[in-house]
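[1] any chance you can model this:
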Amino acid sequence: MFIFIQILGFIGIAFNIISVQFNTHAKIMIMKTLGSLMFVIHYFLLGAFTGMVMDIIGMIRNIIFAECVRRGKPTYPWIVLFSVITVAAGVASIVMTWDATLQSMSRWTDSVTGMTVFALLISVLSVTAKFLTTVGYAIENPHKVRMMNLPSSICWLFYNFICLSLSGAANEVFVITSIIIAEIRFGKKARKNNNSQNIGIPETDGRSDTASVALHDTEAAADINVIEKEFENKEK
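    Residues are numbered from 1 along each chain as shown. Below you'll find the predicted structure:
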């Protein structure tokens, strides 16, 4: 069963890695939603209920944000709404699953205080991660989406490590790496385009410099011939 749970997580990884390699908002959202669906099932089977709730909220949020951006409608009201829902659902999940979460932290320490600290930590990490992406995914600019996704992935990395979600931790490592690669790739393209626009190219009516000089010399010679002929006619 454990292997099956991790396989679901690795399928989610594939969708999340692919997502940041797109440079359109809609495609990023579609891939992230499919990845979240895999992790909803993954976290449910692991008993990581706060992470599961956060991913359910994330799926609904991604669909709404993608539609708002597609229609050119503002996303700010939805940012506020989903931020409130994220925090409220996170607190509710902590309260409702506290005993189970506390018990699962016994793998790290026998101290009640230690278990409490770990339980609070993973809950805060998952809520913080989802809050960051709630703000980030409402932005149309793909670069800013990736930049908001970076600290979110770092939070999820620690969350998954504590929860022993191997595929979840691997997912965040791959996503962080993929974000860095995407930023380098698209950054190079942007710099190349800017350099091309900033280089001043002299206007030569579509002719090369050599051709332009040759044509200029030919036209000058023709003018001299005309002047010489006019002068000879006057002398006659």
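
[2] from now on I want contacts and neighbour counts done on CA atoms only, so please keep to that.
    Noted.

[3] need the pLDDT of the residue positioned nearest the centre of the chain.
    The centroid of the chain falls nearest to residue 146 when counting by CA atoms, centre = their mean (2.6 Å). Per-residue pLDDT puts residue 146 at 82.

[4] likewise for residue 97?
    Among the per-residue scores, residue 97 holds a pLDDT of 69.

[5] which residues touch the residue nearest to the centre of the chain?
    Residues in contact with residue 146 (CA atoms under 8 Å, 6 or more residues apart in numbering) are 20, 136, 179.

[6] that one and residue 132: what is the separation?
    Noted for residue 146: a distance of 11 Å to residue 132, by CA to CA, to the nearest Å.

[7] the lengthiest helix in the chain packs against which elements?
    Assignment by DSSP state H gives helix 166-198 as the longest helix of the chain. The contact analysis (3 or more CA pairs under 8 Å, 6 or more residues apart in numbering; DSSP states H and E) places helix 166-198 against helix 2-19, helix 142-162.

[8] okay, the angle between it and helix 142-162?
    160 degrees (axes from the mean of the first three to the mean of the last three CA atoms, to 10 degrees).

[9] tell me the buried residues in helix 166-198?
    Applying a neighbour-count criterion of 16 or more other CA atoms under 10 Å, one finds 166-176, 178-179, 182-183 buried in helix 166-198.

[10] pLDDT at residue 106, what is it?
    Looking at residue 106, its pLDDT reads 67.

[11] ignore the last one, residue 168
    At residue 168, the model reports a pLDDT of 84.

[12] check contacts around it.
    Residue 168 touches 9-10, 13, 39, 156-157, 160-161, counting by CA under 8 Å, 6+ apart.

[13] what does residue 41 give?
    Going by CA under 8 Å, 6+ apart, residue 41 touches 8, 52.

[14] do the same with residue 14
    Residues in contact with residue 14 (CA under 8 Å, 6+ apart) are residue 35.

[15] flag the shaky bits of the chain, pLDDT-wise.
    The model of the chain has pLDDT under 70 over residues 97-98, 100-112, 114-115, 137-138, 140, 195-236.

[16] residue 91 is in what secondary structure piece?
    When elements are assigned from DSSP states H and E, residue 91 belongs to helix 76-96.

[17] tell me the buried residues in that helix?
    78-79, 82-83, 86-87, 89-90, 93-94.

[18] reformat the contacts of residue 168 as CSV; add neighbour count and distance to residue 58.
    Shown next, in CSV, are the contacts of residue 168 (neighbours: other CA atoms under 10 Å; distance: CA to CA, whole Å):
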residue, neighbour count, distance to residue 58
9, 27, 16
10, 21, 18
13, 27, 16
39, 26, 11
156, 24, 13
157, 23, 17
160, 23, 17
161, 15, 20
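
[19] mind checking how far the residue nearest to the centre of the chain is from residue 22?
    Distance from residue 146 to residue 22, counting by CA to CA: 10 Å.

[20] hang on, the earlier thing: which one of the contacts of residue 168 is nearest residue 62?
    residue 39 (14.6 Å; CA to CA).
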